[in-house]
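Peer 1: below: sequence and its predicted model.
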Amino acid sequence: MSDIIIAFPNPDDSKILRSILVRNGYSIVGAVASGAQAINLSDDIDYGIVICAYRLSDMQYMELRDNINESCELLLVCSPNKLGENFDENINFLPMPFKVVELVKKVGEISDRLYYERKRKKKQQDRGDRNFLTIQKAKELLIKHKKMTEPEAHKYLQKNSMENGDTIINTAKKICLLYGGKE
């Protein structure tokens, strides 16, 4: 589950939101009254949700949205009549008054989206690390068996992958298999 920051100017509103979310199993990092405090807290978490009111003690939700940690999403909770025509359709919005079920559902949706985004990025990073190691191993084998320099080995991998219409990682895997190394 994602870490949650509650940013409301009224401490009573924060308490109510906090108790609802804690009862439903969410982790609350903090409840603050200012945008600056929310921004500071968001810098300390990976993947979180900032639940905020339309106006905080020092800024509006738009400024907060533009300054929170990029791995956090904002959930704006306010009356629809405050938004007017300038409302950004891409923002997560929960109109007030709301039912507890609506809040929990909306936070769950955002949390799930953040979870899958984090999982996708980790998978890409892991894949990138593995691919890097495979290419490095192929270069080492080319250096050892074909007496190439590192730049020559790299150029060899690039040239062969292009000539064969294959990716450089697949070419590196083939070289590893050919010369007895593992991927």
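Peer 2: Great, that's in hand.
Peer 1: what's the following helix or strand after the helix or strand of the chain with the lowest mean pLDDT?
Peer 2: Counting by mean pLDDT, DSSP states H and E, the chain has its least confident helix or strand at helix 100-146, which shows a mean of 89. Once the chain leaves helix 100-146, the next helix or strand it forms, by DSSP states H and E, is helix 150-164.
Peer 1: now do that next one against helix 100-146, angle only.
Peer 2: 110 degrees (axes from the mean of the first three to the mean of the last three CA atoms, to 10 degrees).
Peer 1: buried stuff in helix 150-164?
Peer 2: Judged by neighbour count using 16 or more other CB atoms under 10 Å, the buried positions of helix 150-164 are Ala153, His154, Tyr156, Leu157, Ser161. (Glycine included, C-beta is placed from N, CA and C.)
Peer 1: just give me the closest of those to Leu103.
Peer 2: Closest approach between the buried residues of helix 150-164 and Leu103, by CB to CB: Ser161, at 51.5 Å.
Peer 1: so where does the nearest residue to the closest one once chain neighbours are set aside fall, helix or strand?
Peer 2: Sequence neighbours aside, Thr171 is the residue nearest to Ser161 in space, at 4.0 Å (criterion: CB to CB, 6 or more residues apart in numbering). Assigning secondary structure by DSSP H and E places Thr171 in helix 168-178.
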